[in-house]
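Chemist: Here is my input, please return the structure:
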Amino acid sequence: QVQLVESGGGLVQPGGSLRLSCAVSGFTLEYYAIGWFCRAPGKGREGVSFISSADGSTEYADSVKGRFTISRDIAKNTVYLQMNNLKPEDTAVYYCAQAPTAVQLPTSPTSWGQGTQVTVSS
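Modeler: Numbers count the residues shown, from 1 in each chain. Got it, this is the predicted structure:
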(Lines give C-alpha, C1' and ligand atoms only; values in the text may rest on other atoms or scores of the structure.)
Protein backbone atom coordinates (compact mmCIF):
# COMPACT_ATOMS: atom_id res chain seq x y z
CA GLN A 1 0.00 0.00 0.00
CA VAL A 2 1.43 3.34 -1.08
CA GLN A 3 1.62 5.95 1.66
CA LEU A 4 3.17 9.40 1.92
CA VAL A 5 3.18 11.12 5.31
CA GLU A 6 4.29 14.71 5.73
CA SER A 7 5.56 16.23 8.96
CA GLY A 8 7.54 19.21 10.17
CA GLY A 9 5.13 22.04 9.56
CA GLY A 10 4.37 24.72 12.12
CA LEU A 11 4.39 28.40 12.95
CA VAL A 12 7.59 30.32 12.27
CA GLN A 13 8.55 33.97 12.14
CA PRO A 14 9.58 35.62 8.88
CA GLY A 15 13.21 34.80 8.15
CA GLY A 16 12.98 31.54 10.05
CA SER A 17 13.46 27.97 8.87
CA LEU A 18 11.57 24.70 8.84
CA ARG A 19 12.38 21.26 7.51
CA LEU A 20 9.50 19.25 6.13
CA SER A 21 9.71 15.48 5.85
CA CYS A 22 7.81 13.14 3.54
CA ALA A 23 8.06 9.56 4.77
CA VAL A 24 7.02 7.08 2.09
CA SER A 25 6.11 3.41 2.15
CA GLY A 26 4.92 0.87 -0.38
CA PHE A 27 7.46 1.95 -2.98
CA THR A 28 11.11 3.00 -3.21
CA LEU A 29 12.49 6.44 -3.99
CA GLU A 30 14.87 4.93 -6.54
CA TYR A 31 11.91 4.33 -8.86
CA TYR A 32 9.55 7.23 -8.16
CA ALA A 33 9.95 10.97 -8.32
CA ILE A 34 8.67 13.04 -5.42
CA GLY A 35 7.32 16.54 -5.52
CA TRP A 36 6.44 19.12 -2.91
CA PHE A 37 3.36 21.22 -3.62
CA CYS A 38 1.62 23.94 -1.67
CA ARG A 39 -1.87 25.35 -1.48
CA ALA A 40 -2.16 28.82 -0.01
CA PRO A 41 -5.48 30.18 1.26
CA GLY A 42 -7.68 31.13 -1.68
CA LYS A 43 -5.22 29.80 -4.25
CA GLY A 44 -4.76 26.68 -6.28
CA ARG A 45 -2.14 24.03 -5.67
CA GLU A 46 1.33 24.94 -6.93
CA GLY A 47 4.48 22.95 -7.49
CA VAL A 48 7.32 23.96 -5.15
CA SER A 49 10.13 21.49 -5.77
CA PHE A 50 10.69 18.12 -7.42
CA ILE A 51 13.33 15.42 -7.11
CA SER A 52 13.72 12.78 -9.78
CA SER A 53 13.96 9.07 -9.19
CA ALA A 54 16.92 8.05 -11.34
CA ASP A 55 19.61 10.58 -10.48
CA GLY A 56 18.06 12.75 -7.79
CA SER A 57 18.12 15.84 -9.96
CA THR A 58 16.08 18.71 -8.57
CA GLU A 59 13.78 21.50 -9.75
CA TYR A 60 12.46 24.55 -7.95
CA ALA A 61 9.76 27.11 -8.45
CA ASP A 62 11.24 30.55 -9.07
CA SER A 63 9.68 31.85 -5.86
CA VAL A 64 11.72 29.46 -3.69
CA LYS A 65 15.02 29.20 -5.56
CA GLY A 66 17.92 29.94 -3.25
CA ARG A 67 15.75 29.50 -0.14
CA PHE A 68 14.41 25.94 -0.31
CA THR A 69 16.36 22.72 -0.81
CA ILE A 70 14.87 19.33 -1.61
CA SER A 71 16.77 16.17 -0.77
CA ARG A 72 16.16 12.51 -0.17
CA ASP A 73 17.46 9.68 1.99
CA ILE A 74 16.77 6.48 0.10
CA ALA A 75 17.71 4.27 3.06
CA LYS A 76 15.16 6.07 5.24
CA ASN A 77 12.51 6.28 2.48
CA THR A 78 12.20 9.98 3.21
CA VAL A 79 12.26 13.17 1.18
CA TYR A 80 12.98 16.49 2.84
CA LEU A 81 12.25 20.11 2.06
CA GLN A 82 14.56 22.49 3.90
CA MET A 83 12.88 25.88 3.94
CA ASN A 84 15.05 28.87 4.86
CA ASN A 85 14.39 32.60 4.97
CA LEU A 86 10.67 31.96 5.10
CA LYS A 87 8.30 34.71 4.05
CA PRO A 88 4.64 35.31 4.94
CA GLU A 89 3.71 34.43 1.36
CA ASP A 90 5.09 30.91 1.95
CA THR A 91 2.15 30.27 4.28
CA ALA A 92 0.29 27.26 2.88
CA VAL A 93 -0.48 23.62 3.35
CA TYR A 94 2.44 21.65 1.91
CA TYR A 95 1.89 18.25 0.33
CA CYS A 96 4.23 15.66 -1.09
CA ALA A 97 3.26 13.49 -4.02
CA GLN A 98 4.76 10.71 -6.13
CA ALA A 99 4.89 9.98 -9.83
CA PRO A 100 6.89 7.54 -11.97
CA THR A 101 8.91 10.43 -13.39
CA ALA A 102 9.49 14.06 -12.49
CA VAL A 103 7.97 15.10 -15.82
CA GLN A 104 4.64 13.65 -14.69
CA LEU A 105 4.63 15.35 -11.30
CA PRO A 106 3.17 18.73 -12.31
CA THR A 107 0.12 17.29 -14.06
CA SER A 108 -0.46 13.72 -12.95
CA PRO A 109 0.91 12.68 -9.57
CA THR A 110 -0.29 9.23 -8.61
CA SER A 111 -0.45 9.48 -4.80
CA TRP A 112 -0.59 12.30 -2.26
CA GLY A 113 0.12 12.80 1.39
CA GLN A 114 -2.34 14.47 3.75
CA GLY A 115 -0.42 17.74 3.99
CA THR A 116 1.25 19.76 6.72
CA GLN A 117 0.50 23.39 7.57
CA VAL A 118 3.24 26.00 7.37
CA THR A 119 2.43 29.42 8.78
CA VAL A 120 4.90 32.29 8.52
CA SER A 121 3.88 35.16 10.72
CA SER A 122 5.26 37.53 13.32
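Chemist: Would you indicate which residues of stretch 31-42 are buried?
Modeler: Going by neighbour count (16 or more other Cβ atoms under 10 Å), the buried part of stretch 31-42 is 32-38. Where you see a C-beta, it was placed from the backbone N, CA and C, and this is true even at glycine.
Chemist: swap that for stretch 107-122, please
Modeler: Neighbour counts over stretch 107-122 (16+ other Cβ under 10 Å) mark 109, 111-113, 115-116, 118, 120 as buried.
Chemist: ok, and what's touching it?
Modeler: Outside of stretch 107-122, the residues within contact range by Cβ atoms under 8 Å, 6 or more residues apart in numbering are 2-14, 16, 18, 20, 22, 35, 38-39, 83, 86-100, 104.
Chemist: Restricted to strands, list those.
Modeler: Per DSSP state E, strands hold the following members of those: 3-7, 10-12, 18, 20, 22, 35, 38-39, 83, 92-99.
Chemist: Any of the residues you listed buried? List them.
Modeler: Neighbour-count burial (16+ other Cβ under 10 Å) is assigned, among the ones in strands among the contacts of stretch 107-122, to 4, 6, 12, 18, 20, 22, 35, 38, 83, 92-99.
Chemist: Quick one: residues contacting the residue sitting nearest the centre point of the chain.
Modeler: Closest residue to the average C-alpha location of the chain: residue 36 at 2.4 Å, with Cα atoms, centre = their mean. Neighbouring residues of residue 36 by Cβ under 8 Å, 6+ apart: 20, 22, 47-50, 70, 79, 81, 94-96.
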